[in-house]
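**Student:** Build me a model from this:
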Amino acid sequence: MKPTTELLRKINPHFLQDGRVSCQAFRPAPNDQCALPVYDGDQIDPSGAYGHFTEKSKVQSSGIQAVTVDECAKRGLHARPATGSFPECALIDFSGLQKRQVEAEAKQLRAWAEARGWRYRAEVGS
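**Tutor:** Numbers count the residues shown, from 1 in each chain. Sure thing, here's the model as predicted:
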């Protein structure tokens, strides 16, 4: 992955609050083992990432937002390909951070993604 590679993050509809994406979308869930799953934008485009996620998991998504490898590095977060998964999968590593730090990093990633705008937006009712 290059510094400019977009790391595509699926946005669960529950992560929308008053029309804005909450930082929860950019924070690893407890079962993620401190690594936020994303798609490698060099390997798959936003529409493909959306389709892969919604078809594979049968879960709704509001769309796809993105941060870059470089933005993660600026915050001390290592972005890397995921091993043992599908080839387009990547991870943003939050290991070693305290809960408060994870929240702060998630807020910054959300801010960058919001400034960039939706990379793919699901149609209403999708």
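
**Student:** show me what contacts the closest residue in space to residue 1 that isn't next to it in sequence?
**Tutor:** What sits nearest to residue 1 in space, not counting adjacent residues and going by CB to CB, 6 or more residues apart in numbering, is residue 69, at 5.1 Å. For every residue, glycine as well, the C-beta is placed using N, CA and C. Residue 69 makes contact with 1-5, 7, 79 under the criterion CB atoms under 8 Å, 6 or more residues apart in numbering.

**Student:** Report the residue spans of the chain with pLDDT below the cut-off.
**Tutor:** 57, 124-126 (pLDDT under 70).

**Student:** Tell me where it has helices.
**Tutor:** 46-57, 69-74, 99-116 (DSSP state H).

**Student:** Comparing these, which comes out most buried?
**Tutor:** Among the helices of the chain, judged by mean count of other CB atoms under 10 Å, the one packed with the most neighbours on average is helix 69-74 (a mean of 18).

**Student:** Who does the closest residue to residue 91 other than its chain neighbours form a beta bridge with?
**Tutor:** Spatial nearest neighbour of residue 91, chain neighbours left out: residue 35 (4.0 Å); criterion: CB to CB, 6+ apart. Beta-bridge partners recorded for residue 35 (DSSP bridges): residue 93.

**Student:** Quick one: neighbours of residue 35, just the number.
**Tutor:** Using other CB atoms under 10 Å, residue 35 has 18 neighbouring residues.

**Student:** Please name the residues that touch it.
**Tutor:** Taking CB under 8 Å, 6+ apart, we find residue 35 in contact with 28, 82, 91-95.

**Student:** how does it look with 10 Å?
**Tutor:** Applying CB atoms under 10 Å, 6 or more residues apart in numbering, we find residue 35 in contact with 28, 77-80, 82, 90-95.

**Student:** Likewise for residue 115?
**Tutor:** Counting by CB under 10 Å, 6+ apart, residue 115 has contacts residue 67.

**Student:** how close does it get to residue 68?
**Tutor:** 12 Å (CB to CB, to the nearest Å).

**Student:** do the same with residue 46
**Tutor:** To residue 68, residue 46 is 14 Å away according to CB to CB.

**Student:** what is in contact with these two at once?
**Tutor:** Taking CB under 10 Å, 6+ apart as the criterion, residue 46 and residue 68 both touch residue 6.
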